[in-house]
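**Q** task: produce atomic coordinates for the following.
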Amino acid sequence: MAEEQPAHEMYFVVRGEVTVTREDRHLTCLRSGDWFGELVLFFAGVVRSATVRCDNHCEFFVLHHDQFHKTMSGYRHVKRKYDKLVKELRHGNVKGLKLKCTFCGSSDHLSRDCPQDNLNFSGNDTQNDFGTPSLGSPTSHLSGPVLPSFFEENARSQEASI
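**A** Numbers count the residues shown, from 1 in each chain. Below is the predicted model of the structure:
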């Protein structure tokens, strides 16, 4: 996948390693258990903000935007929370995603907007927001498993309400 291309899927790395770059600058490496492209689940028509290349044989679980929304429609409780989160994101409030800036650790801004950003970023973390333009910024670098925790919390709520 190359930066500036339209995105329609989110990817979970099942096996292998990938390198993430932006403008030929190394950002990070992702491995089994990591993911990228999650903004496509929140916004149709996003553009990839980074290039992802396989370093070796890789396997991915691919979640397409349309299939995600079709499945989500069957879980009203989760869908309401998701819709609220999307509304907040559209207004520039990313706090619902529980993001933290990779550079300084603040939850008040995204990594791409960090006043402490420096060109010597080592890229050794395994976080996946690479300052996606659609939000003003994964993603903004993620600190912790944001999407799985969102769905796990809501799955527990859904189970409790059944």
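**Q** what about Leu63, how many neighbours?
**A** Using other Cβ atoms under 10 Å, Leu63 has 18 other residues around it. Glycine gets a C-beta too; all of them are placed from N, C-alpha and C.
**Q** right, and it touches Met10 too?
**A** Yes. In this structure Leu63 lies within contact range of Met10 using Cβ atoms under 8 Å: 4.6 Å.
**Q** what do the two both touch?
**A** Leu41 (Cβ atoms under 8 Å, 6 or more residues apart in numbering).
**Q** what ranges in the chain fall below the confidence cut-off?
**A** 102, 110-112, 117-162 (pLDDT under 70).
**Q** in it, which spans are strands?
**A** In the chain, strands defined by DSSP state E lie at 9-15, 17-22, 25-31, 35-36, 51-54, 59-64, listed in chain order.
**Q** buried deepest among the ones you listed, which one?
**A** Highest mean neighbour count among the strands of the chain (mean count of other Cβ atoms under 10 Å): strand 35-36, with a mean of 25.
**Q** parallel or antiparallel, list what pairs with it.
**A** strand 9-15 (antiparallel) (DSSP bridges).
**Q** may I have the strand it pairs with as PDB, with CA atoms only?
**A** These are the backbone C-alpha positions of strand 9-15, laid out as PDB (Å, rounded to 0.1, in the frame of the first residue of the first chain):
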ATOM      1  CA  GLU A   9      -9.700  -1.700   4.300                       C
ATOM      2  CA  MET A  10      -8.100  -2.000   7.700                       C
ATOM      3  CA  TYR A  11      -5.300  -4.700   8.100                       C
ATOM      4  CA  PHE A  12      -4.400  -6.800  11.000                       C
ATOM      5  CA  VAL A  13      -0.900  -8.400  10.800                       C
ATOM      6  CA  VAL A  14      -1.400 -12.100  11.400                       C
ATOM      7  CA  ARG A  15       2.100 -13.200  10.500                       C
END
